[in-house]
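Student: how would this look folded up:
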Amino acid sequence: MNTVPTITHGSITGMTGNDQRPVYFLQIGKATKPTLTVKGEQKKPDGEISIKWSSKLMKNVNDQQVNTKIMSAHEITVFKASARVFLAAEPKKLLALADNNLTWVKMPFLQGLSDADFWKKNDEGKYEIIPTDVKTILKRFTDSTAWGQLGKIIAVDLFNGNGDRFTSQGHWQNMGNVMFQKQANDIKVVGLDTFDPNSHSSNLTTMTVHSNGELDVLKSPHAMRTFAEKVIESVEGEIIRGLKKSGTNSFTVMSNNVPVKIDENSSGFLAGYTDDLATGLDQGAKKLKIYLQTKKIKYKPLPQAPQMGGFPNKPLPPVPQRPGFPNKPLPKPPGFRHPVPNYQAPPPPGQQKSIPQGILDRMTYLGW
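Tutor: Reported below is the predicted structural model:
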């Protein structure tokens with residue numbers, strides 16, 4: 001099933017946009033709600049390869065809904081023309097369309113999505129914190145399943161050199177990039193925004209990621225647990241900071257069916273989830289390893305036809321014809337088979353699939 005439809009003339013029937021970033025939400029066809037998200041990513045050398053593969057890795061480790069596609073030139077033209085129609089009354093949202101330093105991508109629009117950022121702009125443009133928002137985020141983080149899912153996401157981020165969620169030192173860098181999706185009675189953590197244009201380690205065509213220690217976290221259970229402790233500590237710190245700024249002295253949430261009271265002097269209230277996060281990191285790394293090893297085998301060059309007797313294959317000279325006896329091919333004996341079992345002709349140049357060298361180098365560094 002194709003979850004990322006092709007944008008064609010007349011296919012866009014509605015559109016809204018983000019006020020701060022080049023992100024747009026499109027209705028396609030007869031849909032009454034957004035079904036497609038279009039985003040402008042900062043253009044980088046080999047950026048399209050890194051965007052494609054960082055999404056591919058997250059999709060196969062975290063969630064099949066993570067499916068970022070590079071837009072074709074025709075799709076970009078149609079999208080921009082439609083944006084100028086649907087957003088004509090909001091000219092600020094059209095400014096990004098003139099930026100030639102953006103790579104335009106599309107992905108499925110996920111219903112029921114929210115993030116962990118409890119800093120909100122008020123009508124005056126100033127940031128403020130609503131106490132109930134802080135309490136909601138804390139409640140999300142008192143779920144062992146959520147920490148396990150987040151661990152898998154962070155494992156892929158570390159491999160990809162994406163520090164726009166958590167840095168390689170475990171600091172919570174971008175609260176808005178920890179995203180939750182309501183699914184029936186469950187809340188799932190989804191690893192969207194897989195490419196970090198501001199990281200020198202996010203170029204998957206080269207091997208620079210180990211220089212900041214990102215990959216070292218994935219090398220051993222001890223390293224993963226140490227990293228998990230730093231992440232837990234950073235999340236706790238942000239929640240306490242939010243509680244202080246909100247003007248609320250304390251609040252109580254249920255953690256593992258036990259009421260837990262949090263105030264501005266609390267610490268260690270999420271420490272019980274360290275093992276869940278470390279386990280998620282380990283599971284994510286193992287799942288990523290298996291996926292990439294499978295791809296590496298699948299993308300191996302196809303076998304070439306063997307040379308006979310150490311000599312280059314050359315066409316045999318034509319057999320001279322005897323007068324009145326035209327040459328006819330000899331019948332093949334019963335059970336005849338081609339001398340190279342399962343041989344397939346190699347694809348035309350440029351069509352052989354391959355894994356970017358930077359990913360192969362990362363695998364080698366990790367002993368995968």
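Student: Which parts of the stretch 1-150 of the chain are helices?
Tutor: Ranges of helices within the stretch 1-150 of the chain are 47-61, 73-86, 131-140, 144-160, based on DSSP state H, counting those that start in this stretch.
Student: tell me the contacts of residue 128?
Tutor: 119-122 (CB atoms under 8 Å, 6 or more residues apart in numbering). For the C-beta atoms, the positions are set from N, CA and C on the backbone; glycine is no exception.
Student: What separation do you get for it and residue 50?
Tutor: Plainly put, residue 128 is 36 Å away from residue 50 if you go by CB to CB, to the nearest Å.
Student: Repeat that for residue 76.
Tutor: Using CB to CB, residue 76 is found at 19 Å from residue 50.
Student: In strands only, show me the contacts of residue 128.
Tutor: Among the contacts of residue 128, DSSP state E puts 119-121 in strands.
Student: most neighbours, which of the residues you listed?
Tutor: residue 119 (16 neighbours; other CB atoms under 10 Å).
Student: Setting the sequence-adjacent residues aside, check what's closest to that one.
Tutor: Spatially, and ignoring its direct neighbours in sequence, residue 119 is nearest to residue 127 (4.8 Å; CB to CB, 6 or more residues apart in numbering).
Student: what ranges of the stretch 101-250 of the chain fall below the confidence cut-off?
Tutor: By pLDDT under 70, the weakly predicted segments of the stretch 101-250 of the chain are 208-212.
Student: Now with 80, please.
Tutor: 121-125, 208-212 (pLDDT under 80).
Student: Residue 135 touches residue 246, doesn't it?
Tutor: No. Applying CB atoms under 8 Å, one finds residue 135 not in contact with residue 246, separated by 9.1 Å.
Student: can you list the helices of the stretch 1-150 of the chain in CSV and add distance to residue 289?
Tutor: Shown next, in CSV, are those (distance: least, CB to CB, whole Å):
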stretch, distance to residue 289
helix 47-61, 10
helix 73-86, 34
helix 131-140, 29
helix 144-160, 10
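Student: Please render these as a markdown table that adds distance to residue 206 and mean neighbour count to the earlier fields.
Tutor: Converted to a markdown table, the helices of the stretch 1-150 of the chain look like this (distance: least, CB to CB, whole Å; neighbours: other CB atoms under 10 Å):
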| stretch | distance to residue 206 | mean neighbour count |
| --- | --- | --- |
| helix 47-61 | 10 | 22 |
| helix 73-86 | 26 | 16 |
| helix 131-140 | 36 | 18 |
| helix 144-160 | 13 | 25 |
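Student: Between these, which one is closest to residue 23.
Tutor: Closest approach to residue 23 among the helices of the stretch 1-150 of the chain (CB to CB): helix 73-86, 11.7 Å.
Student: Without its sequence neighbours, what residue ends up closest to residue 13?
Tutor: residue 27 (5.0 Å).
Student: just residue 202 next, same as before
Tutor: According to CB to CB, 6+ apart, the nearest residue to residue 202 is residue 161 (4.2 Å).
Student: Do I have it right that the one you found meets residue 195?
Tutor: No. Using CB under 8 Å, residue 161 is not in contact with residue 195; the gap is 9.3 Å.
Student: got any residues that touch both of the two?
Tutor: The contact lists of residue 161 and residue 195 share residue 202, where a contact means CB under 8 Å, 6+ apart.
Student: Spatially, and excluding backbone neighbours, which residue is closest to the residue positioned nearest the centre of the chain.
Tutor: For the chain, the residue sitting closest to the mean C-alpha position, by CA atoms, centre = their mean, is residue 55 at 2.8 Å. The spatial neighbour of residue 55 that comes closest, neighbours along the chain excluded (CB to CB, 6+ apart), is residue 68 at 3.7 Å.
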